[in-house]
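Asker: Provided below for reference: sequence and predicted model.
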Amino acid sequence: MDNINEFPVELKSKYLSQIAILPEFQGRNFGSSITQFACSFVKGLKKALNLDCWAGNEKLKEFYSRNGLEYIGDFLEADYYISIIKYS
């Protein structure tokens with residue numbers, strides 16, 4: 001992947017796609033464990049990790065921030081905005 005909309009991504013960086021935790025399992029740190037594993041994995045590869053979410057999902061963006069990822073910005077995707085999040 002060369003870019004996410006107009007946001008360029010680093011050569012051979014990794015992309016984390018569609019993590020979902022069922023409501024009855026939320027709050028048990030499963031999402032944090034998955035995210036921390038992915039960050040540790042790319043750190044070992046000396047690569048960046050990119051992901052996105054719907055720009056209106058403030059709870060999810062706060063989750064990623066608490067887990068050490070950086071909010072890059074909001075970008076138009078078809079007829080809605082996505083937020084780009086990165087770990088490097």
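Answerer: Sure, I can see it. The structure displayed is predicted, hence computed values, not measured ones.
Asker: Is residue 42 within a helix or a strand, and which one?
Answerer: helix 30-45 (DSSP states H and E).
Asker: now the nearest residue to residue 55 once chain neighbours are set aside, what's its secondary structure?
Answerer: Leaving out its chain neighbours, the residue that sits closest to residue 55 by C-beta to C-beta, 6 or more residues apart in numbering is residue 81, at 3.8 Å. For the C-beta atoms, the positions are set from N, CA and C on the backbone; glycine is no exception. Per DSSP: H, G, I helix; E, B strand; the rest coil, the secondary structure class of residue 81 is strand.
Asker: now residue 81: how far from residue 71?
Answerer: 13 Å (C-beta to C-beta, to the nearest Å).
Asker: and for the two, which residues touch both?
Answerer: Residues touching both residue 81 and residue 71 (C-beta atoms under 8 Å, 6 or more residues apart in numbering): none.
Asker: What is the burial count for the nearest residue to residue 57 once chain neighbours are set aside?
Answerer: Spatial nearest neighbour of residue 57, excluding adjacent residues (C-beta to C-beta, 6+ apart): residue 83 at 7.6 Å. A count of neighbours around residue 83, defined by other C-beta atoms under 10 Å, yields 20.
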